[in-house]
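Undergrad: no sequence for this one, just the structure:
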DNA sequence: AAGTGGTCTAGACCACCAG
DNA sequence: TGGTGGTCTAGACCACTTC
């Protein structure tokens, strides 16, 4: 059974996206929505507040709730990642993966610290190139502990590790911390991503967590500079 | 008067940051906090949920609330920007600004669209270099409408525009949409930021909003690749 | 069974903004 | 003054986890 706040959230978001509510339009006030959905104000507030966090609407005490002018261009690049208090990845074409290596190594101290394991514990060391429509766009170096994520195979790595974790292992991926910077490309980047020496990469360092708080993945992704962008919406409070 | 949920949020966050609660520790359950602060469960939940969004804790139904192992390194670079559903900028040294130009122009169509004004309306066109401890780290190209933000002067631009907007104009900055990518540096970047031709920049495109939904600033910032990183924590839901 | 968080109610009072 | 959202209550019932 879907929750009431999720129903109101989904319905309202749909109406914003399909143009039923246009930028600048005032949304129905909380009381009106209460009556429509037969619920209490707190429930409406929760739904509307989620839309505020994601940049769809803004609200002002004494005035009302309004659709925000969404104005950043989308879609010049092949892969767009949007952090809207959730994970959304939009690839435009057909994706596939080339596995460069898949090894077991002794965990170095820094990575062991990130993953909450001991130095020299066994560690999966995975290097992959991701392609969209046959064109490489990111070189992904991934480390996972076999204790946390057992049973990784080449087949899983060329498809979706996340699907394996959630559907086969039955664990839930809950959150991720990412840090982004620009970097000069090295010879491996240039070879695998087809870059010229003066062309840079966008590096994303990530630690991903399960819903029990365990960090299960540490990764460094080096993206082609012209095929990836990261979007963030942040609300002050 | 500070709200109750903010008090609980601040107190708990402080205890996490100062080590009173260590990574992995269980936090007091909602009922216990209710009794301590003489409040209802909803109030505690609001405070704890904010800490979840910001990556300080995780919660699990049936189990409890726990401090998350925060594991991403901070502090190798001069400027760190962290989006924790709020704006946090951490500069390590003394900051100052060099104004390269400050003009009025006719708004080009694309920028006019971002700012919700008409093409050819007057527009401030501002180009600045920001230094920390005398070293340049970012070239900031900023556009604002004089209709929304009147009275900009050179003096304001070399100090804080945000302070001027909030304290002199009495308007509230509410949110911002940012998109980040890596770019090859151009000759202006190289000259102003002291980069060699093969060194890239991290470009951040931003639209910032007032609390009445008006977009008041469109900017493109080009950061030295080795002096800036952007961190994001995202929770799935 | 006991303990935890997740959702939800049906109100209350207050702060803010418009006319 | 009327309408809006912000905070808060004092419960309720349910879902999930561990024992």
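TA: Yep, that arrived. Owing to the predicted nature of the structure, the values given are computational and were not obtained by experimental measurement. Numbers count the residues shown, from 1 in each chain, chains lettered A, B, ... in the order given.

Undergrad: Please count neighbours and contacts with C-alpha atoms only from this point.
TA: Fine.

Undergrad: Give me the next element, helix or strand, following the helix or strand bottoming out on mean pLDDT in chain A.
TA: Among the secondary structure pieces of chain A, namely its helices and strands, strand A:87-91 has the lowest mean (mean pLDDT, DSSP states H and E), a mean of 56. Using DSSP states H and E, the helix or strand that follows strand A:87-91 in sequence is strand A:95-106.

Undergrad: Outside of that following strand itself, list whatever touches it.
TA: With contact meaning C-alpha atoms under 8 Å, 6 or more residues apart in numbering or on different chains, strand A:95-106 is reached by A:119-134, A:154, A:157-159.

Undergrad: pLDDT below threshold where in chain A?
TA: Residues of chain A that meet the criterion pLDDT under 70 lie in A:71-93.

Undergrad: Quickly list the domain ranges of it.
TA: A:4-67, A:79-232 (automatic domain parsing).

Undergrad: Get me the contact residues on chain A for DNA strand C.
TA: Among all residues of chain A, those adjacent to DNA strand C (criterion: C-alpha under 7 Å from any atom of the strand) are A:2-6, A:38-43, A:60-63.

Undergrad: which among those residues gets closest to residue B:171?
TA: Taking C-alpha to C-alpha as the measure, residue A:60 is the one of the residues of chain A next to DNA strand C closest to residue B:171, at 13.1 Å.

Undergrad: and residue A:235, how many neighbours?
TA: A total of 21 residues lie near residue A:235 under the criterion other C-alpha atoms under 10 Å in any protein chain shown.

Undergrad: ok, and the closest non-adjacent residue to it?
TA: Residue nearest to residue A:235 in three dimensions, not counting chain neighbours: residue B:175, with 4.4 Å by C-alpha to C-alpha, 6 or more residues apart in numbering or on different chains.

Undergrad: Quickly note the distance from the residue of chain A with the smallest separation from DNA strand D to chain B.
TA: Going by C-alpha to the nearest atom of the strand, DNA strand D is nearest to residue A:62 of chain A, at 2.9 Å. Taking C-alpha to the nearest C-alpha, to the nearest Å as the criterion, residue A:62 is separated from chain B by 12 Å.

Undergrad: now swap in residue A:116 and tell me
TA: Here residue A:116 is placed at a distance of 8 Å from chain B (C-alpha to the nearest C-alpha).

Undergrad: same question, residue A:179
TA: On the measure of C-alpha to the nearest C-alpha, residue A:179 and chain B end up 4 Å apart.

Undergrad: Would you check that that residue makes contact with residue B:231?
TA: Yes. Using C-alpha atoms under 8 Å, residue A:179 and residue B:231 qualify as a contacting pair, with a distance of 4.2 Å.

Undergrad: Write a PyMOL command that selects only the buried members of the contacts of strand A:95-106.
TA: Only the buried entries of the contacts of strand A:95-106 go into this PyMOL selection, using 16 or more other C-alpha atoms under 10 Å in any protein chain shown:
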select buried, chain A and resi 121+122+123+124+125+126+127+128+129+130+131+132+157
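
Undergrad: Please flag which of the contacts of strand A:95-106 sit within helices.
TA: Judged by DSSP state H, the subset of these located in helices is A:154, A:157, A:158.

Undergrad: Contacts for stretch A:151-158, please.
TA: Outside stretch A:151-158, the residues that touch it by C-alpha under 8 Å, 6+ apart are A:96, A:97, A:98, A:99, A:102, A:146, A:164.

Undergrad: Report the contact partners of the residue nearest to residue A:235.
TA: The neighbourhood of residue B:175, defined by C-alpha under 8 Å, 6+ apart, consists of A:233, A:234, A:235, A:236, B:208, B:209, B:210, B:211.

Undergrad: Can you report phi and psi for it?
TA: With angles defined as degrees, to the nearest 10, residue B:175 sits at phi -160, psi 170.

Undergrad: Residue A:23 too?
TA: Torsion angles, degrees, to the nearest 10, at residue A:23: phi -50, psi 130.

Undergrad: ok, now how distant is it from residue A:7?
TA: As for residue A:23, its distance to residue A:7 is 21 Å (criterion: C-alpha to C-alpha, to the nearest Å).

Undergrad: ok, these two, which is more surrounded?
TA: Looking at residue A:23 and residue A:7 with other C-alpha under 10 Å, you find the greater number of neighbours at residue A:23, namely 17 against 14.

Undergrad: Throw the ones in helices among the contacts of strand A:95-106 into CSV and include distance to residue A:52, thanks.
TA: Written out in CSV, the entries for the ones in helices among the contacts of strand A:95-106 read as follows (distance: C-alpha to C-alpha, whole Å):
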residue, distance to residue A:52
A:154, 41
A:157, 37
A:158, 37
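
Undergrad: Residue A:25: neighbouring residues, count only.
TA: The local packing count at residue A:25 equals 15, with neighbours defined by other C-alpha under 10 Å.

Undergrad: correction: residue A:178
TA: 20.

Undergrad: Please name the nearest non-neighbouring residue to it.
TA: residue A:206 (4.5 Å).

Undergrad: Could you pull up the contacting residues of the one you found?
TA: Applying C-alpha under 8 Å, 6+ apart, we find residue A:206 in contact with A:176, A:177, A:178, A:179, A:217, A:218, A:219, A:220.

Undergrad: is the helix or strand harbouring it anywhere near DNA strand D?
TA: Assessed by DSSP H and E, residue A:206 sits inside strand A:201-210. No. Remark: strand A:201-210 sits outside contact range of DNA strand D, by C-alpha under 7 Å from any atom of the strand, the gap being at least 11.8 Å.

Undergrad: Just checking: what are the partner strands of that strand?
TA: Here the strand partners of strand A:201-210, with direction, are listed using DSSP bridges: strand A:173-183 (antiparallel), strand A:215-224 (antiparallel).

Undergrad: any chance of the ones you listed in TSV, with distance to residue B:52 too?
TA: Written out in TSV, the entries for the strands paired with strand A:201-210 read as follows (distance: least, C-alpha to C-alpha, whole Å):
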stretch	distance to residue B:52
strand A:173-183	10
strand A:215-224	15
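
Undergrad: and of these, who's closest to residue B:198?
TA: Each of the strands paired with strand A:201-210 was scored for nearness to residue B:198 using C-alpha to C-alpha, and the closest is strand A:173-183 (10.1 Å).

Undergrad: Name the residues that touch the next helix or strand after that closest one?
TA: Per DSSP H and E, strand A:173-183 leads on to helix A:187-193 as the next helix or strand towards the C-terminus. In this structure, residues lying in contact with helix A:187-193 by C-alpha under 8 Å, 6+ apart are A:129, A:136, A:137, A:138, A:139, A:195, A:196, A:197, A:201, A:222, A:224.

Undergrad: What count of nearby residues applies to the last one?
TA: Taking other C-alpha under 10 Å as the criterion, the count of residues near residue A:224 is 26.

Undergrad: hang on, residue A:208 packs against residue A:179?
TA: No. With contact defined as C-alpha under 8 Å, residue A:208 and residue A:179 do not form a contacting pair (11.8 Å).
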